[in-house]
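# fold the following.
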Amino acid sequence: MAKTVVIEEHGGPEMFRLVDRDVGNPGPGEIRIRHHACGLNFIDVYQRSGLYPMDLPHALGMEAAGMIEAVGEGVTHLKTGDRAAYAAAPSGAYCEARVMSAAQVCPLPDAISFEEGAAMMLKGLTVHYLFRRTTPVAKGDTVLFHAAAGGVGLIACQWARSEGITLIGTAGTDEKCALALEHGASHCINYRNEDWVARVQEITGGAGVDVVMDAVGADTFEGSLDSLKPLGMMISFGNASGPVPPFSLATLGAKGSLKITRPMLFTHISEHETCQKMAAELFGKVIAGDVKIRIDQQFPLTDVAEAHRALEARKTTGSTILVP
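Got it, this is the predicted structure:
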């Protein structure tokens, strides 16, 4: 049996239930992993609230790290006793142990702690696909990144610095802006006391940025489009402030023949070989010191509701983990 956090109805953090579930043994292509730490992400909030509907009851959580307890037939990249970490669908990581498909579970190097592994997989692989797989981003390019002091944001700031990319961040306090700058942002704008669209134009000399990476959604969408240079790329990869409302495609033409995409991590890592390669490159960045995983909040698994409240209130910085 393993303690597992589930929801039986969509709604607020009060919907969480801690239950005991039978774990069982892995079948072909599966592993059983005992978690040492679990990650917290906004996608968990979207699933809990019903923005991303799911069949209920269902366990939540998309990333974790721990030890492999058993391996099913056909699994060759992992063995019993291995350290491992993952970001994977379907959800179910908020638990002490689980059986799951092995395809997106990655061997975790000894140089990276379980806590770092749990805090970095979904966020770090997201940064990987944003900078490496969505649109060409090269040394000398300029990127606008919203929520630059969050878990994804701090990794993105460091990734950009390591590759010679100018990153303009936004954040909601001067303290968060300082954190983004400390981690590699070239500039950071406090959107609560500055006109961030005007400030982006000032920083870029009126040219605009090559790419916007926006996980905030409704609150920043229009301004993000207005921050792009002609032919620029808008990457909308989250909805922290709510979903982007419908808009006319003609708007993209009028604003400079802009491009827009709405990627999902789980599309990028759906193939086993691609997922393992992306994870290896991410681990390489961390081991080399180019990216340090900052964990600013840690909650017992039993306090998952409080962790969600802190995330939704934008009271967190860096990554947050849950400890079973």
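# domains of this structure?
As given by automatic domain parsing, the domain ranges for the chain are 2-122+266-323, 135-262.
# who wins for proximity to Tyr129 among the ones you listed?
Smallest distance to Tyr129 across those (C-beta to C-beta): 4.4 Å, for domain 2-122+266-323. From N, CA and C alone the C-beta is placed, and that goes for glycine too.
# what's the closest residue to Ala305 other than its chain neighbours in contact with, if anything?
The spatially closest residue to Ala305, leaving aside those adjacent along the chain, is Pro13, at 3.8 Å (C-beta to C-beta, 6 or more residues apart in numbering). With contact set as C-beta atoms under 8 Å, 6 or more residues apart in numbering, Pro13 has these partners: Arg48, Val304, Ala305, Glu306, His308, Arg309, Glu312.
# and which of those residues is nearest to Leu181?
Distances from Leu181 to these, taken by C-beta to C-beta, are shortest for Glu312, at 25.2 Å.
# that closest one: how many residues sit nearby?
Glu312 has 16 neighbours, counted by other C-beta atoms under 10 Å.
# residue contacts, it?
If you count contacts by C-beta under 8 Å, 6+ apart, Glu312 has them with Pro13, Val45.
# for Val75, see how far away it is.
Glu312 sits 37 Å away from Val75 when distances are taken as C-beta to C-beta, to the nearest Å.
# check Leu228 too.
Look at Leu228 and Val75: by C-beta to C-beta, they are 44 Å apart.
# show me what contacts the residue positioned nearest the centre of the chain?
Closest to where the C-alpha atoms of the chain average out (C-alpha atoms, centre = their mean) is Lys123, at 3.0 Å. Contacts of Lys123 were listed using C-beta under 8 Å, 6+ apart, and they are Gly39, Asn41, Gly151, Val152, Ile155, Ser319.
# out of those, who's nearest Gly184?
Nearest to Gly184, judged by C-beta to C-beta, of the contacts of Lys123 is Ile155 at 9.7 Å.
# the closest one - that's part of a helix, no?
Yes - assessed with DSSP: H, G, I helix; E, B strand; the rest coil, Ile155 lies in a helix.
# residues touching it, list them.
Contact partners of Ile155, counting by C-beta under 8 Å, 6+ apart, are Met120, Lys123, Gly124, Val127, Val291, Ile293.
# quick check: the first one is in a strand.
Just to be clear, that refers to Met120. No - with three-state DSSP as the criterion, Met120 is helix rather than part of a strand.
# tell me how many other residues crowd it.
31.
# please apply the same query to Arg48.
Other residues near Arg48 come to 26 when the count uses other C-beta under 10 Å.
# just the buried members of the contacts of Pro13?
By neighbour count, with 16 or more other C-beta atoms under 10 Å, those hold Arg48, Val304, Ala305, His308, Glu312 as buried.
# reformat those as JSON lines; add secondary structure, distance to Val23 and pLDDT.
Listed next are the buried ones among the contacts of Pro13 as JSON lines, based on DSSP: H, G, I helix; E, B strand; the rest coil; distance: C-beta to C-beta, whole Å; pLDDT from 0 to 100:
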{"residue": "Arg48", "secondary structure": "helix", "distance to Val23": "23", "pLDDT": "97"}
{"residue": "Val304", "secondary structure": "helix", "distance to Val23": "19", "pLDDT": "98"}
{"residue": "Ala305", "secondary structure": "helix", "distance to Val23": "23", "pLDDT": "98"}
{"residue": "His308", "secondary structure": "helix", "distance to Val23": "24", "pLDDT": "98"}
{"residue": "Glu312", "secondary structure": "helix", "distance to Val23": "30", "pLDDT": "94"}
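# of Leu228 and Val75, who's got more company?
The residue with more neighbours, out of Leu228 and Val75, is Leu228; 24 against 19, by other C-beta under 10 Å.
# you'd agree that one is up against Gly256?
Yes - contact status for Leu228 versus Gly256: in contact at 6.7 Å, counting by C-beta atoms under 8 Å.
# what are the boundaries of the helices in the chain?
In the chain, the helices defined using DSSP state H lie at 42-49, 114-128, 151-162, 174-182, 196-203, 221-226, 250-254, 265-268, 272-287, 304-312.
# kindly reformat these as a markdown table containing distance to Asp22.
Below are those laid out as a markdown table (distance: least, C-beta to C-beta, whole Å):
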| stretch | distance to Asp22 |
| --- | --- |
| helix 42-49 | 23 |
| helix 114-128 | 23 |
| helix 151-162 | 32 |
| helix 174-182 | 43 |
| helix 196-203 | 50 |
| helix 221-226 | 44 |
| helix 250-254 | 51 |
| helix 265-268 | 26 |
| helix 272-287 | 27 |
| helix 304-312 | 21 |
